[in-house]
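Enquirer: Whatever this is, show me its structure:
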Amino acid sequence: MRAVTRREAGAVLLGLAALAACSGEASGAGGPGLETPRKKEIAMRLVSSAENSSLDWRAQYRYIEDIGDGRGYTAGIIGFCSGTGDMLALVERYARERPDAELAGFLPALREVRGSDSHRGLGSRFTRAWQRAADGDRAFRGAQDGERDRVYFDPAVERGKADGLGALGQFCYYDAQVMHGHGDAPGNVGFATIRRRALDTARPPSRGGDETAYLHAFLDARVAAIAEEPSHTDTSRIDTAQRVFLREGNLRLDPPLVWKVYGDTYRIEE
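Expert: Next up, the predicted model:
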């Protein structure tokens, strides 16, 4: 049998790569990461559609209410919670820049209610103070941006890149961090456990695995985690949003994007 030349072998490899790209199996890791301004804007709008039923994520700086999930007040651009501690960290950050701010006076109460759904020491005075700060102080909006990036966005993107994932995979990680947090808690399965369960059934691209197959495994693990949480039941942010992009082969999360959450349809055209 005639030996295959290096040039012929290279042509075969190029052909296989082209075939993979056409079949939707190409990796998304070569495109812009989720941290680029355009992709980050898309990520924020996607999360807002699930968290606030709106694409206008900037309108959510002033949002605050108790949604009855056992985590106390949920507020701001990614749902900081008084019961989980990330709201406390946010107000502490804000108070370092604005020590005389009205919200700083609620720090003792936020420390007291951490780990519970209690409103003790908070109530309507606190919610009004939150909204006044969001409406009138750019530093408070900046503090929300900073805590979002420090606790959720940056770690998710970093972990996604380390796993060899493109923008869609990085977003799947980010959305999971926002909804579940990083670690486990009573009644909540965290991101770290969800990822570990996915790794039990599939390999990420960084370990030689197929990106699409791994992301399906990760989303399967997320759906299973939601089923274990008494405060969550709806999985449409996965089933009719992230899973749709994945089935379309849109690993780079490029618009146009069309998805549904809670039965409502959303679009990002460009």
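
Enquirer: and the one residue sitting closest to the centre of the chain, what is it in contact with?
Expert: Centroid-nearest residue in the chain, with C-alpha atoms, centre = their mean: residue 175, separated by 2.0 Å. Going by C-beta atoms under 8 Å, 6 or more residues apart in numbering, residue 175 touches 46-47, 50, 237, 242. C-beta here means a position set from N, CA and C on the backbone, and glycine is covered the same way.

Enquirer: Among the residues you listed, which pair sits farthest apart?
Expert: 47 and 242 (11.1 Å; C-beta to C-beta).

Enquirer: all helices of the protein, in order?
Expert: Listed in chain order, the helices found in the chain under DSSP state H are 6-22, 37-52, 86-97, 107-113, 123-136, 138-147, 154-162, 167-180, 191-199, 211-228, 236-237, 243-247.

Enquirer: Looking at the contacts of residue 175, spot the one nearest residue 180.
Expert: Ranked by distance to residue 180 (C-beta to C-beta), the contacts of residue 175 are led by residue 237 at 11.7 Å.

Enquirer: Can you tell me how far the closest one is from residue 57?
Expert: Per C-beta to C-beta, to the nearest Å, residue 237 is found 14 Å from residue 57.

Enquirer: Those two: which is more packed in?
Expert: residue 237 (23 against 20; other C-beta atoms under 10 Å).

Enquirer: wait, what's in contact with that one?
Expert: Taking C-beta under 8 Å, 6+ apart, we find residue 237 in contact with 49-50, 175, 179, 261.

Enquirer: at 10 Å instead, please
Expert: 46-47, 49-51, 175, 178-179, 222, 226, 243, 259-262 (C-beta atoms under 10 Å, 6 or more residues apart in numbering).

Enquirer: I'd like to know which of those are buried.
Expert: Buried subset of the contacts of residue 237 (neighbour count, 16 or more other C-beta atoms under 10 Å): 46-47, 49-51, 175, 178-179, 222, 226, 243, 259, 261.

Enquirer: And the furthest pair within these?
Expert: Largest separation among the buried ones among the contacts of residue 237 by C-beta to C-beta: 51 and 243, giving 18.2 Å.

Enquirer: re earlier: of the helices of the chain, which approaches residue 31 most closely?
Expert: Using C-beta to C-beta, the helices of the chain put helix 167-180 closest to residue 31, at 6.1 Å.

Enquirer: returning to what we had before: name the residues contacting each of residue 47 and residue 242.
Expert: Shared contacts of residue 47 and residue 242, defined by C-beta under 10 Å, 6+ apart, comprise 171, 175.

Enquirer: pLDDT score for residue 185?
Expert: At residue 185, the model reports a pLDDT of 77.

Enquirer: Looks like it contacts residue 115 (just checking).
Expert: Yes: counting by C-beta atoms under 10 Å, residue 185 touches residue 115, with 8.7 Å between them.

Enquirer: Quickly list what's touching both of those two.
Expert: Shared contacts of residue 185 and residue 115 (C-beta under 10 Å, 6+ apart): 71, 83-85.
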